[in-house]
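In: Coordinates for the following, if possible.
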Amino acid sequence: MPSCPERGRLSRHAGLALMVAGLAGCGDADPPLAIAEERASPAEPRLEAEMTEWILVHYRRQRTAHPDRPIPRFNQPKTLACPSAVLRVPDLPERLARGLFARPGEYPATLRYANATRQDDREKDLRGLSIRVEDVPGAVGVDGTPGRQDLLLNSHPVLFAGTPEDFHAFVEAVTGERMWWYFLTHPRSLWIAWRARGQPDSLLDMRFWSTTPYRYGEGEAIKYAVRPCDGDTPASAAPSGDDDPDFLRHALAERLAEDSACLALQVQFQQDPQRMPIEDASVAWDEARSPFHTVARLTLPLQRVDDPAALSHCEGMAFNPWSGHPDHRPLGGINRVRRGIYRAVGALRTEHHAAPASPAEARRHPPGGSP
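Out: So this is what the prediction gives:
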């Protein structure tokens with residue numbers, strides 16, 4: 001089949017070129033996307049490189065100004081708690097049995113709850129949940145660590161900057177200390193960010209979404225979510241007092257000092273490539289059209305989550321959505337540009353603030369073993 005005419009030739013031979021394009025089934029519009037199909041912009045490598053450099057310069061300034069302090073994350077800087085957990089995968093139907101979830105099993109996990117922008121838990125904010133599952137057959141971390149599967153979720157189903165271009169504009173504004181300019185010039189992003197803020201009484205009552213899509217085996221795309229297990233929703237803590245800016249951490253510590261907790265890990269399948277886009281993370285996938293399915297449970301046992309050593313370990317962790325099983329490869333522009341950014345920034349933070357080994361890492365790499 002003949003190829004589509006180049007845009008430059010259309011201006012010189014418009015009539016002939018348009019006729020040929022019509023006969024060839026070509027045109028200015030891109031062909032429809034299939035389920036789980038991506039469409040990358042040729043500008044993404046440049047956008048990723050510029051964002052990475054801006055964020056690294058931002059971090060280096062912080063390291064110079066405060067050499068004895070941990071470098072806070074560019075996003076979700078306040079660690080609320082880092083409880084340990086066990087991920088339990090049941091025997092699943094064939095469509096759900098992929099990658100990490102292909103067969104029943106139990107895996108050690110670490111969860112990181114965080115505030116997106118605020119240091120005071122009493123203020124409205126977006127909250128984040130990052131999950132690291134370890135000892136997963138076939139999974140590999142971006143640093144080459146075997147068995148590592150990372151999941152990154154937010155307390156709102158969409159991102160306010162849902163494309164690489166919007167993300168680039170936001171990072172440029174923040175690192176240039178002009179965040180107001182981004183929201184002034186991106187009113188839809190401002191509306192999403194405003195709606196995403198919340199004031200929860202308990203982290204265990206909350207629901208979280210991956211916002212970005214991922215492969216789920218061959219030819220399928222999904223988004224993840226985490227919610228309280230059915231029948232295990234904990235009673236909400238009393239609303240915070242005026243004197244406790246860390247009340248979310250303290251409420252979780254109180255709960256896990258007395259009882260375990262259960263969270264359901266779920267997936268939502270892409271059903272319509274246009275209405276449930278891969279390339280725009282600011283668009284929610286309709287849950288009425290495609291409901292979530294539970295694929296595993298996270299059990300949080302009794303533990304002390306306000307231990308300073310646990311919080312210190314959390315500060316040294318670097319999560320990356322590209323750490324994982326190939327059946328769960330990240331999809332979409334936001335995930336593609338995050339790969340290099342997260343890897344570079346994670347390496348800088350880890351170098352500055354080396355974390356002690358987690359219990360699972362200690363079992364896998366005892367003293368004297370390979371790093």
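
In: need the strands for the protein, in chain order.
Out: Using DSSP state E, the strands of the chain run over 78-81, 84-89, 105-115, 127-133, 149-154, 208-209, 214-215, 221-228, 261-269, 293-300.

In: Which residue is the nearest non-sequential neighbour of residue 300?
Out: residue 261 (4.4 Å; Cβ to Cβ, 6 or more residues apart in numbering). Backbone N, C-alpha and C define where each C-beta goes, glycine included.

In: Hmm, residue 205 and that neighbour touching each other?
Out: No. At 10.3 Å, residue 261 does not count as touching residue 205 under the criterion of Cβ atoms under 8 Å.

In: of these two, who's got more company?
Out: Per other Cβ atoms under 10 Å, whichever of residue 261 and residue 205 has more neighbours is residue 261, with 22 against 15.

In: Neighbours of the nearest residue to residue 146 once chain neighbours are set aside, how many?
Out: Nearest non-adjacent residue to residue 146, counting by Cβ to Cβ, 6+ apart: residue 140, 5.8 Å away. By other Cβ under 10 Å, the residues close to residue 140 number 17.

In: just residue 291 next, same as before
Out: 10.

In: most centrally placed residue in this structure?
Out: For the chain, residue 152 is the residue whose C-alpha lies nearest the centre (Cα atoms, centre = their mean; 2.8 Å).

In: Distance of residue 282 relative to residue 157?
Out: 10 Å (Cβ to Cβ, to the nearest Å).

In: more neighbours, the two?
Out: Using other Cβ under 10 Å as the criterion, residue 282 and residue 157 rank with residue 157 on top: 21 against 17.

In: so what pLDDT did the nearest residue to the more buried one once chain neighbours are set aside get?
Out: Spatially, and ignoring its direct neighbours in sequence, residue 157 is nearest to residue 209 (4.3 Å; Cβ to Cβ, 6+ apart). Note for residue 209: predicted pLDDT of 98.

In: before we move on, what about residue 346?
Out: pLDDT, residue 346: 73.

In: coming back round to it: mind checking which of the strands of the chain is nearest residue 31?
Out: Closest to residue 31 of the strands of the chain is strand 221-228 (Cβ to Cβ; 17.7 Å).

In: Sheet partners, orientation included, of the closest one?
Out: Strands that pair with strand 221-228, judged by DSSP bridges, come out as strand 208-209 (antiparallel), strand 214-215 (antiparallel), strand 261-269 (antiparallel).

In: ok, residues contacting the last one?
Out: By that I understand strand 261-269. Here strand 261-269 makes contact (Cβ atoms under 8 Å, 6 or more residues apart in numbering) with 85, 87, 96, 131, 151, 204, 216, 220-230, 232, 234, 255, 285, 287, 290-300.

In: so that strand versus strand 105-115, what angle?
Out: 90 degrees (axes from the mean of the first three to the mean of the last three Cα atoms, to 10 degrees).

In: Stretch 136-153: end-to-end distance?
Out: In stretch 136-153, first residue to last residue: 19 Å (Cα to Cα, to the nearest Å).

In: swap in stretch 197-215?
Out: For stretch 197-215, the separation between the terminal residues is 29 Å (Cα to Cα).

In: Just give me how far that stretch sits from the chain centre.
Out: A distance of 11 Å separates the centroid of the chain from that of stretch 197-215, by Cα atoms, centre = their mean, to the nearest Å.

In: Repeat that for stretch 255-267.
Out: 20 Å.
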